[in-house]
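Trainee: Need a 3D model of the sequence below.
(2 chains)
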Amino acid sequence: MSAVTLKDIVKRFADFTAVHKMSLEIPEGSFVTLLGPSGCGKTTTLRMVAGLLDPSEGEIAIGGRRINDVPIHKRNLGLVFQNYALFPHKTIAENVAFGLKYRSIARDEARRRVQAALDLVQLPDVGERYPKQLSGGQQQRIALARAIVIEPDVLLLDEPLSALDANLREDMRVELKRIQERIGVTTIFVTHDQSEALAMSDQIVVMSKGRVEQVGPPEDVYNTPASEFVANFLGASNILEANCVGREGESLIVETSIFGRIPVPAGKAPKVSDEGPVKLVVRAEKLQLAARGAPAGDAIEVDAIVETVDYQGQAVRYFVRAGERQLQAINLIDERPFSEGAPVSLRLRPRDCAALPVS
Amino acid sequence: MGWMAIRGWALLVYLFMFLPVAVVVLLSFNSSEFGAFPMAGFSFRWFVELANNEAILRAFRTSIILGSLTALISTTFGVLASLALIRYRVPGSNLISTLLIAPILVPEVVLAVALLLFLNFLSINKSFPLLLFGHVIFTLPFVILVVQARLVGIRRDIEEAAMSLGASPVQTFFQITLPLLLPAVLAGGLFAFTISFDDITGTLFWKPGGVETVPTQIFAMLRNSISPEINALGTVMIVLTVGLPLLGAAIARQLARKSGG
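Mentor: Predicted coordinates:
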């Protein structure tokens, strides 16, 4: 049974529709991420599940029970905000115990649960302190402890890592995923950060302009984007105008001006018809630069000139010109990166391409 | 050279403002019958006489009751109005906000006469509750301004977190919003009390016969003679109206420090 079901949810504000007819099934115990740029409706969706906004149309069910008319304080949800939202006038222990006050739990049991929650987030000794005596990362751990101590039916995380420093963010990402797996709570996570989404999710829901673009496990969303938007939002992609000219076994033959004929695996072009214009998606990290004349193996190769080199440490991002087009390639650095103006050979393996219908 | 002149001038302005106050305080400890320099000797006799003056004691009681009730009602309404205006989308909230703040801008005399004429028109007699009503009207803006400023600083997601944890909106208000708002509520209440306590313009227009507040009592006493008792009363008033807000501010700072303001 699904833990959370959204059925044809619509949210309108005055003259603006934030969410268009959205339907979604979230399985029990899974970690689902709503991913998209700001204004895509992901936070609005989360707030409707939380009960902080009423949907204009449609139904929301948690554990099979319709909850449209259940006020937020009776929904039994754990909510974690970007800015922690700890109660500044209460101690950490009082913060974590807050939700237990409304759940007729005996005092000893409550104290035991608060300590267990603090242990879980690895801050067992801060109970007597006040929130502002803790660092941002610690405050966010406490906010998480406060949300899970009530044993919520669903855990809702609204960009919980965005206010943290880059290094801390990656630690917290691992930590958050560990805790979620440990307690097995169904989790909806909202973020605009693709790496967080890819690293943590069982399912990613990519949203744009109030519509769901694609739902799927991270690898599917990453390798087989369902739309141009998804291809560009997750990582860097080159989108090429192309023409599908027919089918050969398990491959669709796609013709491009730069690379000529490419046999794209049918599994990576699920929505494309056998003939007509298509868009070819080539991920920047699948486009390899090599010295001209080096063996190409099974890859298609074309000549190109390096235009811009964007050095990133372990990798480098090149902008190269092949014919009329500028293409982006992200390569790991083997010895030393190619320099600007260098003539190179650009390699592409057909199985790394995906094709999209022209919208 | 220019700066020296400005400094000297500023000093003179301050002297002009505060010297009379200092004289009143000083003369209130004068043992002589006549309130004038040179002082004959140091004495508390005018304070003692003040404490034995029935009329003044009655005026004091009236002022304190009036001030306290004004503070209580103004803070209650002020907090409710601020919540409505900041936390909820009320149609015409800009207009309402302006109307609530307007009494600060309208000259008090105009407000006083207007209310009086209005009551006359309704053939309602002057009474203590109406006096109280008048005081509430022109202390309310101060409370609203102070409370609104603080309320804007209380993040909405803190209240949302409380509700998600199971607190109803009313429980959230008393558990979260009010404690965080408390410094502003206390400050607003003190404002209301002191403004009510030393108001004279409105009070002269609105007070029913036989009721005197401290300022109107002083005013009445001055018409007969200048008794040194008035100096003593002035000193007590200064201590109350300056000391109370200072005390309040100190308490508010303490509370704010504890709650992470």
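Trainee: Contact residues of chain A facing chain B?
Mentor: Selection of chain A residues close to chain B by Cβ under 8 Å from any Cβ of the partner chain yields A:50-52, A:71-79, A:81, A:83, A:85-89, A:98-99, A:101-103, A:130-132, A:143, A:146-147, A:150, A:156. To be clear about C-beta, it is placed using only N, CA and C from the backbone, and glycine gets the same treatment.
Trainee: if you look at the residues you listed, which of them are in helices?
Mentor: Of those, the ones assigned to helices by DSSP state H are A:A50, A:A143, A:R146, A:A147.
Trainee: With adjacent residues omitted, what lies nearest to residue 251?
Mentor: Just so you know, I chose chain A. A:P263 (3.7 Å; Cβ to Cβ, 6 or more residues apart in numbering or on different chains).
Trainee: nope, chain B
Mentor: Leaving out its chain neighbours, the residue that sits closest to B:I251 by Cβ to Cβ, 6+ apart is B:L186, at 6.4 Å.
Trainee: Touching, A:G36 and A:T44? I think so.
Mentor: No. Here A:G36 lies out of contact with A:T44, judged by Cβ atoms under 8 Å, at a distance of 10.8 Å.
Trainee: Compare those two (neighbour count), which wins?
Mentor: Using other Cβ atoms under 10 Å in any protein chain shown as the criterion, A:G36 and A:T44 rank with A:G36 on top: 28 against 22.
Trainee: quick one, helices of the chain?
Mentor: Just so you know, I chose chain A. According to DSSP H, chain A carries its helices in the segments A:42-50, A:92-97, A:107-120, A:136-148, A:166-183, A:194-200, A:218-223, A:228-233.
Trainee: wrong chain, I was asking about chain B
Mentor: B:2-27, B:45-52, B:54-87, B:93-105, B:108-121, B:128-153, B:156-164, B:169-172, B:178-197, B:201-206, B:214-224, B:228-258.
Trainee: got a markdown table for those helices, with mean neighbour count, mean pLDDT and distance to A:S56 too?
Mentor: As requested, these are arranged in a markdown table below (neighbours: other Cβ atoms under 10 Å in any protein chain shown; pLDDT from 0 to 100; distance: least, Cβ to Cβ, whole Å):
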| stretch | mean neighbour count | mean pLDDT | distance to A:S56 |
| --- | --- | --- | --- |
| helix B:2-27 | 11 | 90 | 61 |
| helix B:45-52 | 16 | 84 | 68 |
| helix B:54-87 | 19 | 92 | 22 |
| helix B:93-105 | 14 | 85 | 23 |
| helix B:108-121 | 14 | 86 | 46 |
| helix B:128-153 | 20 | 90 | 29 |
| helix B:156-164 | 21 | 93 | 20 |
| helix B:169-172 | 14 | 93 | 22 |
| helix B:178-197 | 22 | 90 | 32 |
| helix B:201-206 | 19 | 88 | 50 |
| helix B:214-224 | 16 | 84 | 58 |
| helix B:228-258 | 16 | 80 | 41 |
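Trainee: Could you report the separation of the nearest residue in space to A:E248 that is not next to it in sequence from A:P270?
Mentor: In this structure, A:E248 finds its nearest non-sequential neighbour in A:P263, 6.2 Å apart by Cβ to Cβ, 6+ apart. In this view, A:P263 and A:P270 are 16 Å apart by Cβ to Cβ, to the nearest Å.
Trainee: Repeat that for B:M221.
Mentor: According to Cβ to Cβ, B:M221 and A:P270 sit 96 Å apart.
Trainee: With A:L144 instead?
Mentor: Distance from A:L144 to A:P270, counting by Cβ to Cβ: 38 Å.
Trainee: More neighbours: those two, which one.
Mentor: For A:L144 versus A:P270, the count of surrounding residues by other Cβ under 10 Å is larger for A:L144: 25 against 12.
Trainee: Do I have it right that that one meets A:F81?
Mentor: No. Contact criterion Cβ under 8 Å: A:L144 and A:F81 do not qualify, at 10.8 Å.
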